[in-house]
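> This is a predicted model, with the sequence first.
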Amino acid sequence: MGSFMPWRLLEPQNAWASGRQYITIVNLTPHRFKLDATHSYQMDEFDFGDVPQGRARQNTAHYTRRLTANPKDDNGEAYYSIEGTDKRFAIRATTHIPSRHWRRTVFDLNGMGMGQREYLDPGPESPVTLVITGSNSYGFIASIRYGPGNWMRSIYDVIKDRPIQHIMMPGTHDSGMSTISGKLISIGIPANTQNQGLNIYMQLRAGARWFDLRVATIHSNKYPSEYGFWVLHVHNERAELAVGNTGESLDDVVSEINKFTAENPGEVIFFRVSYLIGIRKLPSGGPIYWNKDIVNNFFGKLRAVNNRCPSLDTDIKFNKQPAAYFMDRNDGRGCVLFMLSGNLPDKVPQDSIGDGIYQGNTMDIQNSWSNLEETEPMAIDQTATWNKVSRNRGFSKDQFLISQWVVTPQPVKTTLLGLQNIAIMPTNPAIYWMGVNYMSPEAWPNVLMVDYYGIVVTDQTSWNHLSAELYTLAIGLNLYMISENCEVSTRRSPLLPKPRKSFALQAAKLASNWHGIIFANGTAQDNPPARLHLGRVQVLKAGTRFLNGTVLTKDFLNPLYSSYGA
């Protein structure tokens, strides 16, 4: 099925100690991706293959370690066609020297009308991923760039009648920890305490819809009645001496939510809010439990959020309500839902239903946290849990399942390797080459919760550096895989050809026709020369190996070098 990136390769002394790079292709379409041809030069292994419908394949480009080889010449290409269509795409493994990230992967989707993107390979044996969903009749969507922020509204006709329990969405772990604001005097630093690289607005824009928001009051040691509301990540919020640090302020979170919902109406956004406790700036002496005044001040902050949904029916669990119940609220502008699950004392208000602030028990969830130190055992544990929540046979085992695709290393290892590197190199990519192959129309998580959402190369957090794998995966699971379950979706799959031909592709709401290029440095060119294909070599050198085993004995001009197509 594939190989996990060994964690030893995260250690600085082992950086680039392997020549092996992985390239994952995820097929969430009703068409087979057929490998038509490959050629490679100075690759010890160049292993690509067909990708069946609803599956993923981890492909290998193993750059040679021979000292006599010039790495500037390393390259390989794999050409794919999408069966039953005239669409094609190409994958290129190449180099760019000198550069810190000198190995590159290019996804050329010009043959699908979707442009090209050059990726930095983030580290040795750390996969680069391409996710494609849609169909020839619906149109295609791919992960090389983001579509609209309101992706749920864009597939409203598909999901509107499904209960929330039958919808998949991206989620973020320790969602407000996109910075270390230092409101605690503690040893929490970015390497061991910061879990995200994007603030709440950017996470929303990049497609996240489930947020693990941990809010606390930080109190003056000298004057405990002086406090502010902050997102917090500590080892134990009730400990006598809490270790960690603060992230975004609650005020910033509120303004970021409002900015997003003003730009992208019609979504349903879930905030599961925990901690709800006070800690001193010098965090000793145990917690400060909130009194009624603090709770009311907290509720006052949340009342500033637009598109809350007050006075919902709490007799029916939120996970059992259809998506349209929330998406149609506020004149179609959607819902921002706050569900509290923290440390509030019994004597203080637990909710404010008239303000759209609810208790956590308004939604039945199974929160699957492996609490394991490394990627492989965590991934095995999580995928096993998915298959225990079966969405068929009367839904007797059906639940709203949160899959925490995160690891829990020891503090020393976390500080040495960094939460960011752990997330984006071995851990998040395993969702695609490993996790997808354990999904089926009957078994999937409702939320895939990750650290460092959207980020694929260390510290590269600008919009064009982000990559839309989980965004596209969520759209694809809802459009394709879940729609294949006839007990969940009684309607005809939206990806099948229409009974009467329609010339309007529905995917146009999510992905426009584009022939541009996004370069590895984040710059984009909307109208490049038609014959420009990043990473395509002009000369096929002697020693180039083809898919059928043929090896060139002399140099040849590449007949595809100046072609228009992929």
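Okay, I see it. Numbers count the residues shown, from 1 in each chain.
> Centre-most residue in this protein?
L470 (3.2 Å; C-alpha atoms, centre = their mean).
> Could you tell me which residues make contact with it?
P170, G207, N428, I431, L448, V450, Y453, G454 (C-beta atoms under 8 Å, 6 or more residues apart in numbering). For glycine as for every other residue, the C-beta is placed from the backbone atoms N, C-alpha and C.
> Considering those, which is situated nearest to E226?
Y453 (33.7 Å; C-beta to C-beta).
> circling back to that earlier point, quick one, phi/psi of the residue nearest to the centre of the chain?
phi -70, psi -30 (degrees, to the nearest 10).
> what's the distance between N110 and T523?
N110 is 18 Å from T523, where distance means C-beta to C-beta, to the nearest Å.
> Sorry, slip of the keys, the one I care about is Q194.
From Q194 across to T523, the span is 27 Å (C-beta to C-beta).
> For those two, indicate the residue with more neighbours.
Q194 (22 against 9; other C-beta atoms under 10 Å).
> Kindly state the pLDDT recorded for the nearest residue to K498 once chain neighbours are set aside?
Nearest-residue entry for K498: S137, 6.2 Å, with adjacent residues in sequence omitted and distances by C-beta to C-beta, 6 or more residues apart in numbering. For S137, the pLDDT comes out at 94.
> Next: V231.
99.
> which strands and helices sit next to the longest strand seen in the chain?
Ranked by residue count and defined by DSSP state E, the top strand of the chain is strand 267-280. For strand 267-280, the elements it packs on are helix 151-154, strand 210-219, strand 227-234, helix 250-263, helix 323-327, strand 334-340, judged by 3 or more C-beta pairs under 8 Å, 6 or more residues apart in numbering; DSSP states H and E.
> And the fifth one, what does it pack against?
When you say that, I think you mean helix 323-327. Using 3+ C-beta pairs under 8 Å, 6+ apart: helix 323-327 touches helix 151-154, helix 156-159, strand 267-280, strand 334-340.
> List the contacts of whichever helix or strand comes after that helix.
The C-terminal neighbour of helix 323-327 among helices and strands, as given by DSSP states H and E, is helix 329-332. Applying C-beta under 8 Å, 6+ apart, the set of residues contacting helix 329-332 from outside is P265, G266, N307, C309, C335.
> tell me which of these is nearest to V254?
Using C-beta to C-beta, those come closest to V254 at N307, 11.9 Å.
> okay if I get the contacts of L470 as JSON lines plus neighbour count?
Output for these, formatted as JSON lines (neighbours: other C-beta atoms under 10 Å):
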{"residue": "P170", "neighbour count": "23"}
{"residue": "G207", "neighbour count": "25"}
{"residue": "N428", "neighbour count": "27"}
{"residue": "I431", "neighbour count": "26"}
{"residue": "L448", "neighbour count": "27"}
{"residue": "V450", "neighbour count": "25"}
{"residue": "Y453", "neighbour count": "28"}
{"residue": "G454", "neighbour count": "28"}
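> Among the residues you listed, which are located in helices?
I431 (DSSP state H).
> which one of the contacts of L470 sits closest to P190?
Using C-beta to C-beta, the contacts of L470 come closest to P190 at Y453, 15.8 Å.
> Domain-wise, how is this structure divided?
With domains defined by automatic domain parsing, the chain comprises 7-145+506-557, 162-462.
> tell me the mean pLDDT for stretch 413-429?
Per-residue scores along stretch 413-429 average to 98.
> Off-centre distance for that stretch?
For stretch 413-429, the distance from its own C-alpha centre to the chain's C-alpha centre is 15 Å (C-alpha atoms, centre = their mean, to the nearest Å).
> all strands of the stretch 401-550 of the chain, in order?
Remark: strands assigned in the stretch 401-550 of the chain by DSSP state E, counting those that start in this stretch are 401-404, 447-450, 514-518, 524-525, 539-540, 545-546.
> got CSV for those strands, with mean pLDDT and distance to R66 too?
As requested, the strands of the stretch 401-550 of the chain are arranged in CSV below (pLDDT from 0 to 100; distance: least, C-beta to C-beta, whole Å):
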stretch, mean pLDDT, distance to R66
strand 401-404, 98, 42
strand 447-450, 99, 37
strand 514-518, 95, 32
strand 524-525, 96, 35
strand 539-540, 94, 19
strand 545-546, 96, 14
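> Tell me which of those strands is the most buried.
Highest mean neighbour count of the strands of the stretch 401-550 of the chain: strand 447-450, a mean of 26 (counted as mean count of other C-beta atoms under 10 Å).
> Tell me which strands that strand pairs with, and in which orientation.
Strands that pair with strand 447-450, judged by DSSP bridges, come out as strand 169-172 (parallel), strand 401-404 (parallel).
> rewinding a little: looking at the helices and strands packed on strand 267-280, which is closest to K388?
Nearest to K388, of these and by C-beta to C-beta, is strand 210-219 at 20.0 Å.
> so how far is the closest one from its chain's centroid?
22 Å.
> between it and strand 267-280, how many degrees?
30 degrees (axes from the mean of the first three to the mean of the last three C-alpha atoms, to 10 degrees).
> any idea of the mean pLDDT in strand 210-219?
Here the average pLDDT along strand 210-219 is 99.
> Contact partners for the closest residue to F89 other than its chain neighbours?
Leaving out its chain neighbours, the residue that sits closest to F89 by C-beta to C-beta, 6+ apart is L109, at 4.8 Å. When contacts are counted by C-beta under 8 Å, 6+ apart, L109 touches F89, G115, Q116, A142, I144, A566.
> Show the model's pLDDT score for the fifth one.
When you say that, I think you mean I144. Taking I144 on its own, its pLDDT is 98.
> how near is it to G113?
The gap separating I144 from G113 is 12 Å, by C-beta to C-beta.
> Between the two, tell me which one has more neighbours.
Counted by other C-beta under 10 Å, I144 and G113 do not tie: I144 has more neighbours, with 25 against 14.
> How about the more buried one: what's its closest non-neighbour residue?
Leaving out its chain neighbours, I144 is closest to R117 (C-beta to C-beta, 6+ apart), at 3.9 Å.
> What is the three-state secondary structure of the one you found?
Under the three-state scheme (DSSP: H, G, I helix; E, B strand; the rest coil), R117 adopts strand.
> Could you tell me the model confidence score at it?
pLDDT, read off for R117, is 98.
> Pull out the buried residues from stretch 99-118.
101-112, 114-118 (16 or more other C-beta atoms under 10 Å).
> Show the end-to-end separation of that stretch, please.
14 Å (C-alpha to C-alpha, to the nearest Å).
> again with stretch 316-325
12 Å.
> Going by neighbour count, list what's buried in that stretch.
K317, F318, N319, Q321, P322, A323, Y325.
> distance of the nearest residue to the first one once chain neighbours are set aside from R329?
Residue nearest to K317 in three dimensions, not counting chain neighbours: D364, with 5.0 Å by C-beta to C-beta, 6+ apart. According to C-beta to C-beta, D364 stands 21 Å off from R329.
> repeat for G228
In terms of C-beta to C-beta, G228 sits 31 Å off from R329.
> Between those two, which is the more surrounded one?
Between G228 and R329, R329 has the larger neighbour count (other C-beta under 10 Å), namely 21 against 15.
> What score does that one have for pLDDT?
Reported pLDDT for R329: 98.
> before we move on, back to that, the residue nearest to I144 contacts I517, correct?
Yes: between R117 and I517 a contact is recorded at 7.2 Å, counting by C-beta atoms under 8 Å.
> any weak-confidence spans in the protein?
Residue ranges of the chain with pLDDT under 70: 500-504, 564-566.
> try 90
1, 12-17, 65-69, 71, 100, 390-397, 489-492, 497-513, 530-531, 558-566 (pLDDT under 90).
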